[in-house]
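Asker: please find the sequence and the predicted model below.
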Amino acid sequence: MDVVRVYRRGVIVLPKSVLERAGIREGMLLTVEARDGEVVLRPLDLWERVWGSGKGSAEEVESELDEEEEAREKRLNPWRR
């Protein structure tokens, strides 16, 4: 079992071994859920959202997801252009 520290603003760093076992890579989006006193992280399957959304064309949904990702990047890295 690995132990991690929670830093200011809730930031945690996952150990490399955990990232590798879970198949998590830099830039991936994760869903997070608090369940029965545990925190559960899962990779977000964007293609499932694209094809399962049922609204508009796949291109429109993919564009919307790209915009969400860009907005998230701007929030996380306000000085990055």
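Answerer: In hand now; what should we look at? Numbering: from 1, shown residues only.
Asker: now the closest residue in space to residue 30 that isn't next to it in sequence, what's its secondary structure?
Answerer: Spatial nearest neighbour of residue 30, excluding adjacent residues (CB to CB, 6 or more residues apart in numbering): residue 41 at 4.7 Å. C-beta: built from backbone N, CA, C; applies to glycine. At residue 41 the chain is in strand, as set by DSSP: H, G, I helix; E, B strand; the rest coil.
Asker: report how many residues lie close to residue 41.
Answerer: Residues near residue 41, counting by other CB atoms under 10 Å, number 14.
Asker: what sits against it?
Answerer: 22, 24, 30, 31, 32 (CB atoms under 8 Å, 6 or more residues apart in numbering).
Asker: how far away is the closest residue to residue 18 other than its chain neighbours from residue 75?
Answerer: Among residues not flanking residue 18 along the chain, residue 2 sits closest, at 6.0 Å (CB to CB, 6+ apart). Residue 2 sits 28 Å away from residue 75, going by CB to CB, to the nearest Å.
Asker: equivalent analysis for residue 45, please.
Answerer: Going from residue 45 to residue 75 by CB to CB gives 22 Å.
Asker: tell me which of these two has more neighbours.
Answerer: residue 45 (12 against 8).
Asker: got phi/psi on the more buried one?
Answerer: Backbone torsions of residue 45, given as degrees, to the nearest 10, read phi -90, psi 100.
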